[in-house]
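Novice: Kindly return the folded structure for what I paste below:
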Amino acid sequence: MDLRLTVDLPHDIDRMSTLRHVLDGALAGLGVAEQTRTDIGLIVTETWANVIGHVRVGVAFQVRATVDEMQCVIEVTKPGEPITETLSNVMSSGHSLKVIRSLADDVSVDSDGLLVKVTKLL
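Specialist: You can find the predicted model right below:
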């Protein structure tokens, strides 16, 4: 199974809840443990909070969730910008990132503290 969901922010801000619920349903269908699904739901919520903290007028972001049999990956991009796989795992002081780091297996942020990629093993 390969599932990809994308939400454009801030335009689709109300759809973050939909993303969280659809993602949870897909993970449940794969037989992912409830605690892992809860962690991923919180990661999605905190990702949204981190992105909102970086939104400036006229700047759009995409939050993308990709699920396969092994992992769930949450990525944040500015539309048209590719994901950079070589980002450093710098520590940011933001509360959302601290929560995400405590739940995820891998977290990458950019130099401005914007979350870029989170991986949670299933």
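Novice: what about residue 40, distance to residue 69?
Specialist: Applying Cβ to Cβ, to the nearest Å, the value for residue 40 to residue 69 is 15 Å. C-beta: built from backbone N, CA, C; applies to glycine.
Novice: ok, those two, which is more surrounded?
Specialist: A direct count of neighbours by other Cβ atoms under 10 Å for residue 40 and residue 69 places residue 40 higher, at 24 against 10.
Novice: and that one, what does it touch?
Specialist: Shown in contact with residue 40 (Cβ atoms under 8 Å, 6 or more residues apart in numbering): 23-24, 27, 72, 74, 120.
Novice: So which of those belong to helices?
Specialist: Among the contacts of residue 40, the subset assigned to helices under DSSP state H consists of 23-24, 27.
Novice: Using TSV, lay out those together with pLDDT, neighbour count and distance to residue 15.
Specialist: Below are the ones in helices among the contacts of residue 40 laid out as TSV (pLDDT from 0 to 100; neighbours: other Cβ atoms under 10 Å; distance: Cβ to Cβ, whole Å):
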residue	pLDDT	neighbour count	distance to residue 15
23	89	22	12
24	93	17	14
27	91	22	18
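Novice: Pull up the pairing partners for the lowest-mean-pLDDT helix or strand in the chain, direction included.
Specialist: Least confident helix or strand, the chain: strand 3-9 with a mean of 82, by mean pLDDT, DSSP states H and E. Strand partners for strand 3-9, identified by DSSP bridges, are recorded as strand 61-67 (antiparallel).
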